[in-house]
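In: got a sequence here, can you model it:
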Amino acid sequence: MTLSEPTNIVSGSERPVRPGYTISDQAEFDSPVRIVLKLRARTDVRPAAMRLGMKLPRERAVPDQKEFVARFGADPRDVATVRAFAHAFGLRVESHRAAARIVVLTGSISAVNRAFATDLKTFRASQGGPYRGYLGPLRLPAEMRDAVDVVAGLDDRTIAVRPPLSVPRVASPYQIAEIACRYGFPRMLRGDGQRIAVLQFDGAYSQLDLDRYFGDLGTTSPRVCPISIGGYAYDDPKSAMETMLDLEVLGSVAPRAELVPYFAYSTEAGWLESLTSAIHSERHAPSIISISHCYPESGAPGLTWVPSLLDEVDRTLAEAAWLGITVVAAAGDYGAYSWLHDGLVHAEFPASSPFVLACGGTMFRAGDDGAESELVWQDPSHATGGGVSEHFPRPAWQASARVPPSLSTKFEGRGVPDVAAYADLEPGYAILVAGAYTAGGGTSAATPLWAALFALINERLEAICRGRTVGYVTPLLYYGIGLTAAFNDIEGGGNNGYAAGPDWDPCTGWGSPNGAELLRALTGDQ
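Out: Below is the predicted model of the structure:
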C-alpha cells in the first residue's frame, strides 16, 4: 500500500506546554519512542452499553466476544493501513489487536518526527522533571484520516502530579475484615472464580509483604499475577503504598479471587494501554476492574486530562460495560475543589465517566450520646471527592437524582460519586507496606472494598446464572436499588463544596453498602 505524506491533522492531538516549562533542546535522536494508537470502532459501543446497564444482571445475555469484535472492534482494514504506515515510515509494529482497537508502534525519534510531521523536544522547568513533547498538532497520511482516534506516547509527561495523602500515625487502625463485617458483607462467599484487574500507575508491590501480611492474619496470600505495561518496573518499595493498600483490601475480603495488577507509567499512553489491556485480556479476563488513581478532569493547561483522552478512555470503559466487567473508580481525596487551588470545583476522572461506579468516602464518628454514625469523610487536610462533571453530560439515568449543576460553571453534568465506603485516615485501614504496619485510607481504600464486594456477589451470580456478572451496575442504582436497604444513606457532612442529604448526594452517592441486601437485590437470591 502506497501512503501519502502526513498532512492531515489528528483532531485533539495538541498538547499545551506544561506551565513553568520551556523548550530546552531537541529530544535525543537515539531514544526509542513507544506509540499507542487507538483506532476507530466499527460502531460506537456506548449506546448499547447504556441499554445493558438498565437490566438486572440475570436478565442480560452472556457477553459474546465474537459479537463484540464484529460490532465494536476495529476494522481489520484499518489495522492493515496502520501496519503499512509503520512500514513506510520505519516504525516497528510491537502489537496489534482489532478487538481492542489498539496498535502499539516503536521507533526512533527521527522516524517518529517524519511519520507524524512533528518535531519532538525536551521540555524542562526549574522544578519538576523534564518531559518529551511537541508543539502544535500531529499529522497522519490522508489514507489514515478516519482510521485513528487517538495518538499517545509522543508526549510522555505524567498526566498530573498528585500530592500524597497526609497519613497520621495511629495506634489501632481497623482490620479490613472489621470494616467488611460492619457493612454486612456475605461471609460464606470468598470470590471463587473471580478475577480483579487493578490499575496501578507509577506504583510497586512486594510479594514478601503480602505473604507476611496474610500470614499474620492466619491465611494464605491471594494469587497475584502482576503485569508490566510499556516496560514499567514495579519493584521500588517507596512507590508501593497505593498498590499494597489495593491488594491487601481485595485479598482480605475476596481471598479466592485472582488479583491482576497492571503497572504502567502515569502518562496518556500508560492509561490507554493498561486499561485496554485489562479489559481485553484473553489470558487474564477480569470480571471487575478497580481503579484507585484519579485526577481532576479539567484544570490548568498542561496539568491534567485533555478532552480527546477523556473521550477515548470513556469509550474504552464502555467496552468494559458491554463485556460484563464492573469498573469501580475512586472519586478523589481532596474535596469538591480537588488540589489545583484555582478556586474552581473539579470532578475527578475516570470516576466521572458514566460507565464506572464512582466511589466516595465516609467516616465513623460517635455522637454525644455515644452512638456511632457514618458521615461524609472530611478532615482538616482531606475530604471525599464529589461533584459534577464539566465534560460528561448528565446521563438519562441520573435525571431523577436531583444532581445539582456545577458550582463553578452551572454545567449540568454527570454527578459523582455513586456510592461510598469508609475512607477515613484516622484510624484508617491496617496495612503492611515496606515491611512495616501502617494505616491506609482515602477513596483508594473504599474503591477496592467495593470491588471485592462485587467479587463476592459475582461468585453467587455464577452459581445461580452461569456466565452472568454484576457488570455495568451504575444505572441500576438510579432505577431503584439505590433507594433500598442495600444502602446506608449518609445525610451528615460535606466535602467543602457540596453537602450530604437524603438519598443521592454529590458526596457519598447513594451511601455505603449493606452487603447482604445488595447481594439479594442483584441476584434475586432469597
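
In: C-alpha only now, for contacts and for neighbours.
Out: OK.

In: quick one: low-confidence residue ranges for the stretch 351-500 of the chain.
Out: Along the stretch 351-500 of the chain, segments meeting pLDDT under 70 span 368, 370.

In: ok, the stretch 151-300 of the chain next?
Out: 166-171, 300.

In: over to the stretch 1-150 of the chain?
Out: In the stretch 1-150 of the chain (pLDDT under 70), the answer is 1, 29-30.

In: helices of that one, start to end?
Out: 46-52, 65-72, 76-88, 109-115 (DSSP state H, counting those that start in this stretch).

In: so how far is Gly133 from the closest residue to Phe123 other than its chain neighbours?
Out: Once flanking residues are discounted, Phe123 sits nearest to Ile23: 4.5 Å by CA to CA, 6 or more residues apart in numbering. Note on Ile23: its distance to Gly133, by CA to CA, to the nearest Å, is 9 Å.

In: more neighbours: which of those two?
Out: Gly133 (23 against 18; other CA atoms under 10 Å).

In: show me what contacts the nearest residue to the more buried one once chain neighbours are set aside?
Out: Nearest residue to Gly133 in three dimensions, chain neighbours excluded: Asp155, at 4.2 Å (CA to CA, 6+ apart). Residues near Asp155 by CA atoms under 8 Å, 6 or more residues apart in numbering: Arg15, Tyr131, Arg132, Gly133, Tyr134, Glu268.

In: picking up where we left off before, buried deepest among the helices of the stretch 1-150 of the chain, which one?
Out: When those are scored by mean count of other CA atoms under 10 Å, the highest mean neighbour count falls to helix 109-115 (a mean of 20).

In: what sits in contact with each of Ile23 and Gly133?
Out: Lys121, Thr122, Phe123.

In: neighbours of the first one, how many?
Out: Just to be clear, that refers to Lys121. For Lys121, using other CA under 10 Å, the count is 21.

In: for the second one, same thing?
Out: Number of residues near Thr122 (other CA under 10 Å) recorded here: 18.

In: and it, bridged to which residues?
Out: Beta-bridge partners for Thr122, by DSSP bridges, are Asp25, Arg132.

In: which stretches of the stretch 151-300 of the chain form strands?
Out: 195-201, 227-228, 258-264, 288-291, 295-296 (DSSP state E, counting those that start in this stretch).

In: I'd like those as a markdown table, with distance to Asp209 and mean neighbour count appended.
Out: Output for these, formatted as a markdown table (distance: least, CA to CA, whole Å; neighbours: other CA atoms under 10 Å):
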| stretch | distance to Asp209 | mean neighbour count |
| --- | --- | --- |
| strand 195-201 | 17 | 27 |
| strand 227-228 | 18 | 18 |
| strand 258-264 | 15 | 25 |
| strand 288-291 | 21 | 28 |
| strand 295-296 | 28 | 26 |
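
In: residue furthest from the geometric center of this structure?
Out: Asp369 (40.0 Å; CA atoms, centre = their mean).

In: what residue spans form the domains of this structure?
Out: Structural domains annotated on the chain: 8-40+75-152, 176-472, as defined by automatic domain parsing.

In: nearest to Met54, out of those domains?
Out: Counting by CA to CA, Met54 lies closest to domain 176-472 out of the domains of the chain; the figure is 8.5 Å.

In: deepest of the domains of the chain, which one?
Out: Of the domains of the chain, domain 176-472 is the most buried (mean count of other CA under 10 Å), at a mean of 22.

In: still on that earlier bit, ok, the residue nearest to Phe123 to Ala125 distance?
Out: 9 Å.

In: try Pro19
Out: 9 Å.

In: about what we covered before: measure the residue nearest to Gly133 to Pro286 for me?
Out: For Asp155 relative to Pro286 (CA to CA), the value is 30 Å.

In: so who does Ser290 touch?
Out: Neighbours of Ser290 in contact, by CA under 8 Å, 6+ apart: Ile196, Ala197, Val198, Leu199, Val327, Val328, Ala329, Thr447, Pro448, Ala451.

In: of the residues you listed, closest to Ala27?
Out: For the contacts of Ser290, the nearest to Ala27 is Leu199 (29.4 Å; CA to CA).

In: that closest one is in contact with Glu273, isn't it?
Out: No - in this structure Leu199 lies outside contact range of Glu273 using CA atoms under 8 Å: 10.7 Å.

In: before we move on, the earlier item: determine which two of the contacts of Asp155 are furthest apart.
Out: Tyr134 and Glu268 (14.3 Å).

In: pick out the residue closest to the middle of this structure.
Out: The chain, centroid-nearest residue using CA atoms, centre = their mean: Ile291 at 3.7 Å.

In: and that residue, how close does it get to Glu348?
Out: 12 Å.

In: who touches both of these two?
Out: Contacts common to Ile291 and Glu348, judged by CA under 8 Å, 6+ apart, are absent.

In: give me every residue that touches the nearest residue to Thr118 once chain neighbours are set aside.
Out: Distances taken as CA to CA, 6+ apart put Leu138 closest to Thr118, at 6.2 Å, once the chain neighbours are dropped. Contact analysis of Leu138 by CA under 8 Å, 6+ apart lists Ile9, Val10, Ser13, Glu14, Phe116, Ala117, Thr118.

In: narrow the residues you listed to those in strands?
Out: The members of those that map onto strands under DSSP state E are Ile9.

In: backbone dihedrals for the residue nearest to Gly493 when sequence neighbours are not counted, both of them.
Out: The shortest distance from Gly493 to any non-neighbouring residue, by CA to CA, 6+ apart, is to Val376 (5.0 Å). Here is the backbone geometry of Val376 (degrees, to the nearest 10): phi -60, psi 140.

In: residues contacting Val376?
Out: 361-363, 383-384, 490-495, 500, 507-508.

In: can we see that at 10 Å?
Out: Residues near Val376 by CA atoms under 10 Å, 6 or more residues apart in numbering: 360-364, 383-384, 420-424, 490-495, 499-500, 507-508, 511.

In: tell me the helix or strand right after the longest helix belonging to the chain.
Out: Longest helix of the chain, by residue count under DSSP state H: helix 443-464. Per DSSP states H and E, the first helix or strand lying C-terminal to helix 443-464 is helix 474-478.

In: contacts for that following helix, please.
Out: Outside helix 474-478, the residues touching it (CA under 10 Å, 6+ apart) are 50-57, 321, 326-328, 354-358, 395-401, 418-419, 481-484, 486-487, 504, 509-510, 522.

In: mind putting the contacts of Asp155 into CSV with distance to Leu461?
Out: Compiled in CSV, the contacts of Asp155 are given as follows (distance: CA to CA, whole Å):
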residue, distance to Leu461
Arg15, 45
Tyr131, 47
Arg132, 47
Gly133, 47
Tyr134, 49
Glu268, 35
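
In: out of those, which one sits closest to Glu94?
Out: Glu268 (17.8 Å).

In: hang on, that closest one packs against Lys38?
Out: No - when contacts are counted by CA atoms under 10 Å, Glu268 is not listed as touching Lys38 (11.5 Å).

In: excluding its backbone neighbours, what's nearest Asn458?
Out: Per CA to CA, 6+ apart, closest to Asn458 is Thr469, 5.2 Å.

In: also Asp78?
Out: Here the residue nearest Asp78, using CA to CA, 6+ apart, is Ala147, at 5.4 Å.

In: and the one you found, how close does it get to Met241?
Out: Counting by CA to CA - Ala147 and Met241 are separated by 40 Å.

In: kindly report the same for Ser373.
Out: With distances taken as CA to CA, Ser373 is found 29 Å from Met241.

In: equivalent analysis for Gln207, please.
Out: Separation of Gln207 from Met241 (CA to CA): 13 Å.

In: identify the contacts common to Leu199 and Glu273.
Out: Tyr262, Ala264.

In: got the contact list for the closest residue to Pro32 other than its chain neighbours?
Out: Spatial nearest neighbour of Pro32, excluding adjacent residues (CA to CA, 6+ apart): Ser108 at 4.8 Å. Taking CA under 10 Å, 6+ apart, we find Ser108 in contact with Glu28, Phe29, Asp30, Ser31, Pro32, Val33, Arg34, Gly90, Leu91, Arg92.
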